[in-house]
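1. Fold the following, please.
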Amino acid sequence: MNEWQKKSPLEWETYLNKLVKVAVIEKHEYEGWVLTVDPVSASIVLATFPEDESVSISVVLGHAVEEVEILQEGDDEMEQRLSCIFAPEESKAYSPEELEKRKNSLKTWLETNHIPITEQGESGKTLCVAGVLTIDPPYGPEECSSSNEIILSRVQGLIQGYLEKNQ
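-> Next up is the predicted model:
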């Protein structure tokens, strides 16, 4: 096991959203912005932005990493750009203010209809219905998740009806 693989997830977290140069075995080097580090394999997911505004993703396998050097700290704009890479298309269409408005509107509507709803997570972006179903941004029927299929189906139907009525 190499030094990189011996690091803890908290140590790897310090590399997120930073421009790095990764030296690997056989003297190869990779450069890019760190999107994430896999906690099991210690593999690094790098993003680069070629001239044509597209994004290129590379995965450097953890066992091959010899050294990781931070070249540049990421600013808020780069952090936002990186966080949108794997975001679903629908969520890209909404600003943070619009998502907050959608969440509050749906939460109020569910409370008005006597459905127990709470906010979950550090940032409170996830809604939780009766402790058995979650609704993630952008708060549509497709973003509902539950192991109880009956509740899932019924709440999805309610949200679909709510969205159709309010558009």
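
2. contacts, neighbours, all on C-alpha from now
-> Fine.

3. Domain boundaries for this protein, per the record?
-> Here the domain parsing of the chain from the TED database is 3-84, 96-165.

4. From the centre of the protein, give me the residue that's furthest out.
-> Distance from the C-alpha centroid of the chain, by C-alpha atoms, centre = their mean, peaks at residue 26 (33.2 Å).

5. just checking, it is part of a helix?
-> Yes - counting by DSSP: H, G, I helix; E, B strand; the rest coil, one finds residue 26 located in a helix.

6. how near is it to residue 66?
-> According to C-alpha to C-alpha, to the nearest Å, residue 26 stands 10 Å off from residue 66.

7. swap in residue 2?
-> 7 Å.

8. more crowded one of those two?
-> A count of neighbours by other C-alpha atoms under 10 Å puts residue 66 above the other of residue 2 and residue 66, at 18 against 12.

9. so which helix or strand takes in the more buried one?
-> Here residue 66 sits within strand 65-72, counting by DSSP states H and E.

10. try residue 16
-> Residue-wise, residue 16 maps onto no helix or strand under DSSP H and E.

11. Now for it: which residues touch it?
-> Residues in contact with residue 16, defined by C-alpha atoms under 8 Å, 6 or more residues apart in numbering, are 33-36.

12. what do you get for residue 142?
-> Neighbour list for residue 142: residue 156 [criterion: C-alpha under 8 Å, 6+ apart].

13. Could you do residue 56 as well?
-> Per C-alpha under 8 Å, 6+ apart, neighbours of residue 56: 47-50.

14. switch the cut-off to 6 Å
-> 47-48 (C-alpha atoms under 6 Å, 6 or more residues apart in numbering).

15. Then the one 3 residues further on?
-> Under the criterion of C-alpha under 6 Å, 6+ apart, the contact list for residue 59 reads 44-45.

16. what kind of secondary structure is residue 47 in?
-> Under three-state DSSP, residue 47 falls in the strand class.

17. What separation do you get for it and residue 95?
-> Computed with C-alpha to C-alpha, the distance linking residue 47 and residue 95 is 23 Å.
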